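> the sequence and its predicted three-dimensional model are supplied below.
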Amino acid sequence: MKFQSLMNPSAVSRRTFLVASGYGLAGTALGQGAVAAQKTVGKSKAKTTILFFLCGGASHIDMWDLKPKAPIEYRGPFDPIATSAPGMQLCEHLPLLAKQAHHLAVVNSIGATVNTNDHHAGYYYNLTGHVPDQSFIRLGNNRTPFPGDWPFMGSVIASKRKNNAVLPNAITLPHKPSKAPYTRPGQFAARIGVEHDPLYVNGDLAKPTHFQAPSLFLEGDITPGRLSDRYSLLREIDDARRLLDNDLKGKTLHKHQKRAISLLMSSGATKAFDVAQEPAAVRERYGESINGMSLLLARRLAEASVPFITVFWKEDDRKLAKKCASAGGWDTHSNNFNCLKENLMPEFDQCFSALVEDLADRGMLDETLLLVTSEMGRKPKIGDPRSGGIYGAGRDHWTHCLSDVMAGGGIRGGQTYGTSDARAEYPAENPVTPADITKSVYHAMGIHNLEAIDALGRPYNLLDEGSVISKLF
């Protein structure tokens, strides 16, 4: 099918709209780092990146890198199928995406080993390109975001691009992983300054077409009419400023103000978030789940020229927590194969294949880079001892090897880059790291100058490690 395009006013809390603006906990007291003036080298192919992050750790060996000749205790029951790209095979439970494989590049040789083999460190490495430091071992699940962390790749791109006329340069939806107090590190601007944090937009499992920025609501006696009254608005700003006089975040308050006011006063911003305007056939093609509607919203935000959009897979613990021994996402400690076959892969196959097809039909794919990644793969040997061993049929954490999928934005489709070993345990040919993936995203977006300035005025590089994977382009 050919897709067709179509973009309540969110409002603001009287005290918090200038303070919160959807920012993460990690960003509230940062503001010390300033991004250096940019000098973009060459022309960018991609104007927007859409990052689709499969929260929990998606099984590379069951989706992208099947090993039908491996011993039965590794390979699992799924078969590979042919795709629209000669020589590329995907899992049999991704039939819709198999028809779009000529647009895809699958990277099967990512060595993303982290020192804890867990979610926090996996998020950090794959979202920033930086190897997690020793604090991840020392603190474990208590290792929440730090002000001095390396910045999220989306925040780096947001800081280097000219400001969008209406919307923030980085938007994350439909949630902020993970539930407090266990907020995942790596998704914030951190040392380059809170003003480059993404705007977080929340989705609702029960109302998948309804999205809202948590700090942009009308409360009490604040009405849309009052927001258009500049004098009233200024009084609210002054009230907020007085509350923050002794707070470090006051240093960047005016930047919060500017973004919040822009969102509130712009009909364009309001329209961009209204996915209910899309024709029913388009919504049905994406699948009217929260993840499907989030990808549809991501396409609308790409049309509105937002440089970086992140969709974190929204976990549904109501259906899958008990079934998969997980939080409801891709962390399939138990019943891995039924959870993938019956729940996770059908939803992913429908919504991601729709996004690829939709962008291609609209002539947007060349200028929109897509990246699918996760914090880890799954352990190739079946049977997590914490959930019934071999009889529980789960796969444990495995950061030592995973697969990423890229498309658009100058990526050459229909290719598989690199290989893992015979059991999908470790990279074999053309091994790469999350730093190489991150550098490749920057390259696609035309970001070549990664210099920033610290609080003492000293220049430093935002990502020394890694190289562009040139064969992908």
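Perfect, I can see it now.

> low-confidence ranges, the stretch 251-400 of the chain, go.
251-268 (pLDDT under 70).

> repeat that for 50
In the prediction, the stretch 251-400 of the chain carries no residues with pLDDT under 50.

> show the contacting residues for Ile382.
Shown in contact with Ile382 (Cβ atoms under 8 Å, 6 or more residues apart in numbering): Glu73, Tyr74, Gly76, Asn336, Ile390, Ala393, Gly394, Arg395. Where C-beta positions appear, they are placed from N, C-alpha and C, glycine not excepted.

> apply 6 Å and report the result again.
Residues in contact with Ile382 (Cβ atoms under 6 Å, 6 or more residues apart in numbering) are Glu73.

> longest helix of the chain?
Taking DSSP state H as the criterion, the chain has its longest helix at helix 345-361.

> for the helix or strand just after it, name the packing helices and strands.
The first helix or strand that comes after helix 345-361 along the chain, using DSSP states H and E, is strand 368-373. Packing partners of strand 368-373 (3 or more Cβ pairs under 6 Å, 6 or more residues apart in numbering; DSSP states H and E): strand 48-53, strand 402-407.

> tabulate those strands in CSV, adding columns for mean neighbour count and distance to Ser178.
What follows is the helices and strands packed on strand 368-373, written out as CSV (neighbours: other Cβ atoms under 10 Å; distance: least, Cβ to Cβ, whole Å):
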stretch, mean neighbour count, distance to Ser178
strand 48-53, 24, 12
strand 402-407, 26, 19
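
> which of these sits closest to Ala354?
Nearest of the helices and strands packed on strand 368-373 to Ala354, taken as Cβ to Cβ: strand 48-53 at 11.9 Å.

> same for the closest one, what does it pack against?
strand 308-312, strand 368-373.

> next, count neighbours for Ala82.
The tally of other residues near Ala82 (other Cβ atoms under 10 Å) stands at 12.

> any figure for the gap between it and Leu66?
Ala82 sits at a distance of 12 Å from Leu66 (criterion: Cβ to Cβ, to the nearest Å).

> same check on Met406?
Relative to Leu66, Met406 is positioned 19 Å away (Cβ to Cβ).

> middle-most residue in the chain, spatially?
Thr310 (3.5 Å; Cα atoms, centre = their mean).

> so that one bridges to which residues?
Leu51, Thr172 (DSSP bridges).

> Leu51 is in contact with that one, correct?
Yes: here Thr310 reaches Leu51: they are 4.6 Å apart, a contact under Cβ atoms under 6 Å.

> three-state assignment of the closest residue to Met406 other than its chain neighbours?
Nearest residue to Met406 in three dimensions, chain neighbours excluded: Ala105, at 4.7 Å (Cβ to Cβ, 6 or more residues apart in numbering). Here Ala105 is recorded as strand under DSSP: H, G, I helix; E, B strand; the rest coil.

> all helices of the stretch 351-473 of the chain, in order?
All helices of the stretch 351-473 of the chain, identified by DSSP state H, counting those that start in this stretch, fall at 389-392, 434-444.

> same question for the stretch 201-350 of the chain.
Along the stretch 201-350 of the chain, counting by DSSP H, counting those that start in this stretch, helices occupy 224-227, 230-243, 253-265, 267-272, 280-286, 290-303, 317-324, 336-339, 345-361.

> hey, C-alpha coordinates of the last one in PDB?
The one in question is helix 345-361. C-alpha atoms of helix 345-361 as PDB (Å, rounded to 0.1, in the frame of the first residue of the first chain):
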ATOM      1  CA  MET A 345       8.300 -10.400  16.800                       C
ATOM      2  CA  PRO A 346       4.800 -10.000  15.300                       C
ATOM      3  CA  GLU A 347       4.500  -6.500  16.800                       C
ATOM      4  CA  PHE A 348       8.000  -5.500  15.800                       C
ATOM      5  CA  ASP A 349       7.600  -7.000  12.300                       C
ATOM      6  CA  GLN A 350       4.500  -5.100  11.700                       C
ATOM      7  CA  CYS A 351       5.500  -1.700  13.000                       C
ATOM      8  CA  PHE A 352       9.100  -1.500  11.800                       C
ATOM      9  CA  SER A 353       8.400  -2.900   8.300                       C
ATOM     10  CA  ALA A 354       5.600  -0.300   8.100                       C
ATOM     11  CA  LEU A 355       8.100   2.500   9.000                       C
ATOM     12  CA  VAL A 356      10.600   1.400   6.300                       C
ATOM     13  CA  GLU A 357       7.900   1.000   3.700                       C
ATOM     14  CA  ASP A 358       6.200   4.300   4.600                       C
ATOM     15  CA  LEU A 359       9.400   6.300   4.400                       C
ATOM     16  CA  ALA A 360      10.400   4.600   1.100                       C
ATOM     17  CA  ASP A 361       7.000   5.400  -0.400                       C
END
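
> and it with strand 308-312, angle?
On the basis of axes from the mean of the first three to the mean of the last three Cα atoms, to 10 degrees, helix 345-361 is oriented at 160 degrees to strand 308-312.

> not counting its own residues, what contacts helix 345-361?
2-3, 93-94, 96-97, 100, 103, 285-287, 289, 291-292, 295, 299, 365, 368, 407.

> quick one: buried ones out of those?
Buried members of these, scored by 16 or more other Cβ atoms under 10 Å, are 3, 93-94, 96-97, 100, 103, 285-287, 289, 291-292, 295, 299, 365, 368, 407.

> which ones are touching Trp398?
Listed by Cβ under 6 Å, 6+ apart, the contact set of Trp398 reads Met376, Gly377, Arg378, Lys379.

> among these, which ones are in strands?
Here DSSP state E is the test, and these give Gly377, Arg378 as lying in strands.

> so where's the stretch 101-250 of the chain uncertain?
Applying pLDDT under 50 to the stretch 101-250 of the chain flags residues 217-220, 227, 230-231, 244-249.

> touching, Asn430 and Ser420? I think so.
No: between Asn430 and Ser420 there is no contact under Cβ under 6 Å: 10.5 Å.

> the two: who's more crowded?
Shown here are Asn430 and Ser420; by other Cβ under 10 Å, Ser420 has more neighbours (27 against 14).

> contact partners for the more buried one?
Ser420 is in contact with Asp65, Asn108, Cys401, Pro427, Ala428, counting by Cβ under 6 Å, 6+ apart.

> are any of those residues buried, and if so which?
Among these, those classed as buried by 16+ other Cβ under 10 Å are Asp65, Asn108, Cys401, Pro427.

> re earlier: angle of the longest helix of the chain against helix 290-303?
Angle, helix 345-361 to helix 290-303, by the same axes, to 10 degrees: 20 degrees.
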